[in-house]
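Undergrad: with the input below, show me the fold.
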Amino acid sequence: MLATLWATDRPLTPAEIQAEIDGGLAYNTVHTILKRLFDKGLVLRDADGRRGAYRPAKNAAELTAEAMHEALDRGPDPIAALQQFVTGLSPEEERALRELLAGGGA
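TA: Below you'll find the predicted structure:
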């Protein structure tokens, strides 16, 4: 559901999300998942008058970066984890990381 919300620039109602994902989920299931995502702080309810519309609290990159930080914080040796992560990067990802670390990106 987050992917559906990330794919648009406006809040969506549970019915709109249900139609968009077209996965056979019942409306109540979609609504329950959205409520759980809201409770976890992953989605926000729209306050602009669209009753029951939701939007993501963070974009995909922000959420991924947060998960990476949390994973590093959980491990006993974050430097070793970073070394393992970096050795698995594609040449394109490695190039982008080098540019970011050199101050040439973002």
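Undergrad: just the CA trace of the longest helix anywhere in the chain, in PDB.
TA: For the chain, the helix with the greatest residue count under DSSP state H is helix 60-74. Backbone C-alpha positions of helix 60-74 (Å, rounded to 0.1, in the frame of the first residue of the first chain) are rendered in PDB as follows:
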ATOM      1  CA  ALA A  60      10.500   5.600  -0.100                       C
ATOM      2  CA  ALA A  61      14.100   6.800   0.200                       C
ATOM      3  CA  GLU A  62      13.600   8.300   3.700                       C
ATOM      4  CA  LEU A  63      12.000   5.100   4.900                       C
ATOM      5  CA  THR A  64      14.700   2.900   3.500                       C
ATOM      6  CA  ALA A  65      17.400   5.100   5.000                       C
ATOM      7  CA  GLU A  66      15.700   5.000   8.400                       C
ATOM      8  CA  ALA A  67      15.600   1.100   8.200                       C
ATOM      9  CA  MET A  68      19.300   1.000   7.300                       C
ATOM     10  CA  HIS A  69      20.200   3.200  10.300                       C
ATOM     11  CA  GLU A  70      18.000   1.100  12.600                       C
ATOM     12  CA  ALA A  71      19.800  -2.100  11.300                       C
ATOM     13  CA  LEU A  72      23.200  -0.500  11.900                       C
ATOM     14  CA  ASP A  73      22.200   0.500  15.400                       C
ATOM     15  CA  ARG A  74      21.000  -3.000  16.300                       C
END
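Undergrad: now do it, average pLDDT.
TA: Computed over helix 60-74, the mean pLDDT rounds to 94.
Undergrad: residues in contact with stretch 93-106?
TA: Outside of stretch 93-106, the residues within contact range by C-beta atoms under 8 Å, 6 or more residues apart in numbering are 86, 89. Where you see a C-beta, it was placed from the backbone N, CA and C, and this is true even at glycine.
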